[in-house]
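Q: Here is my input; please provide its structure:
(one chain, ligands or ions: 1)
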Amino acid sequence: MGHSAGIWDQKSEFEVVKDWNGISQVVLRSPRGASARVSLHGGQVISWRNDRGEELLFTSSKAIFKPPKAMRGGIPICFPQFGNCGSLEQHGFARNKMWSIDNDPPPLHPSDSDGKVFVDLLLSPAEEDLKCWPHCFEFRLRVSLGMNGDLAMISRIRNIDAKPFNFSFAYHTYLSVSDISEVRIEGLETLDYLDNLCQRERFTEQGDAITFESEVDRIYLGSPNIIAVIDHEKKRTFVIKKEGLPDVVVWNPWEKKSKSMTDLGDEEYKQMLCVDGAAIERQITLKPGEEWTGRLELSVVPSSYCSDDLDHFRS
Ligand SMILES: O=P(O)(O)OC[C@H]1O[C@@H](O)[C@H](O)[C@@H](O)[C@@H]1O
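A: Numbers count the residues shown, from 1 in each chain. As a prediction, this is how the structure comes out:
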């Protein structure tokens, strides 16, 4: 990706560079060399690398980096609507909008800042947004990297309107995997899910862990706040911790759908898996003056970890 020379924000310890469309991207670097890149287009995390420089998020080789459409990969934010269940464009407008850097955000808990490099972004509705979704809100997003390279995202959505509103939400996380057939998800077994491939009919998960052999497009309901995505071939496990996000979307388009998508290579479904912390089935309702917070934390551990070891993260 092309970038011009960056501006270093001394106070917050991040660098701002321009992409080839002239849109600002914020680069975060942890002391040990992990990094993350966030575009002001969509507030989308477009890269997350560990301290060896390995990319942990998937980006399509055919991704289109041209606003207003969100590019295929990274972590687009779905707000105020997930999917096409509503009057808005698919996955809502937040991922297609220009966000700004928020230099003076309301304080968070000190543990959200201590030992972390971070940036705060802000999305406020433009007049055209108010025409299709007539609710005044402030959406604050903090993206941070911990000392060990963990990626955290905190979304704070405040109703600054005179009437209540509802919304759904997802961090649409494209994980980079070695081979989808070698991956399994732990933490969703026995849960109910809505199957987007069957008009959102409700089913109950039967298997031990979720594995992949065809297209999957599901919303798991009421999931635990920690789940694991185990990549046998890469010998690594993504640990996904979340708060305020009861649902988990699991999506892989598989072969046929990939071929119909212009911004995804025919075989690339093998290298991606979307596992999203989300709030979909029961929409979030905010009364005037109320604020909602949704947190996601992604970390990577060696795959020698087993389910019992993950209890360590649950504390
Ligand atoms: O192409 P989009 O709008 O980014 O959506 C990608 C996919 O996102 C998933 O979360 C949905 O469940 C799928 O149905 C959808 O195809």
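Q: Which SSE is immediately downstream of the helix or strand hosting E128?
A: E128 is part of helix 127-132, with elements assigned from DSSP states H and E. Using DSSP H and E, the helix or strand that follows helix 127-132 in sequence is strand 137-145.
Q: Please work out the average pLDDT along that next one.
A: If you average the pLDDT over strand 137-145, you get 98.
Q: that older thread, can you list the neighbours in contact with the helix holding E128?
A: Residues outside helix 127-132 that contact it (CB atoms under 8 Å, 6 or more residues apart in numbering) are 87-88, 93, 97, 136. The C-beta positions use only the backbone N, C-alpha and C, and glycine is treated the same way.
Q: Would you mark the buried spots in it?
A: Using 16 or more other CB atoms under 10 Å as the test for burial, helix 127-132 gives D129.
Q: Assign the closest residue to the ligand within the stretch 151-300 of the chain to helix, strand or coil.
A: Proximity of the stretch 151-300 of the chain to the ligand (CB to the nearest ligand atom) peaks at W251, 4.2 Å away. Using DSSP: H, G, I helix; E, B strand; the rest coil, the structure places W251 in strand.
Q: For it, give the beta-bridge partners.
A: Under DSSP bridges, the beta-bridge partners of W251 are D217, C274.
Q: ok, now which ones touch it?
A: 216-218, 273-274, 276.
Q: which parts of the stretch 201-315 of the chain sit against the ligand?
A: 217, 249, 251, 274 (CB under 6 Å from any ligand atom).
Q: Could you list the low-pLDDT ranges of the protein?
A: Along the chain, the model assigns pLDDT under 70 to residues 1-12, 304-315.
Q: any idea how far the spatially most distant residue from the centre of it is from C136?
A: Residue farthest from the centre of the chain, counting by CA atoms, centre = their mean, is A162 at 29.5 Å. For A162, the distance to C136 equals 8 Å [CB to CB, to the nearest Å].
Q: just T59 next, same as before
A: 33 Å.
Q: likewise N166?
A: 14 Å.
Q: In terms of packing, which of the two has more residues around it?
A: Neighbour comparison, N166 and C136: the larger count goes to C136, with 16 against 13 (by other CB atoms under 10 Å).
Q: chain center to the one helix or strand L296 maps to: distance?
A: L296 is part of strand 291-302, with elements assigned from DSSP H and E. Between the centre of strand 291-302 and the centre of its chain there are 9 Å (CA atoms, centre = their mean, to the nearest Å).
Q: Find the closest residue to the ligand in the stretch 51-200 of the chain.
A: For the stretch 51-200 of the chain, CB to the nearest ligand atom, closest residue to the ligand: Q90, 4.3 Å.
Q: Secondary structure element holding the residue nearest to that residue when sequence neighbours are not counted?
A: With CB to CB, 6 or more residues apart in numbering as the criterion, Q90 has its nearest non-adjacent residue at 5.1 Å, and that residue is N84. Counting by DSSP H and E, no helix or strand carries N84.
Q: Measure how buried N84 is and give me the count.
A: 11.
Q: Now that it has come up, it's in contact with G92, right?
A: No. Using CB atoms under 8 Å, N84 makes no contact with G92, being 10.3 Å away.
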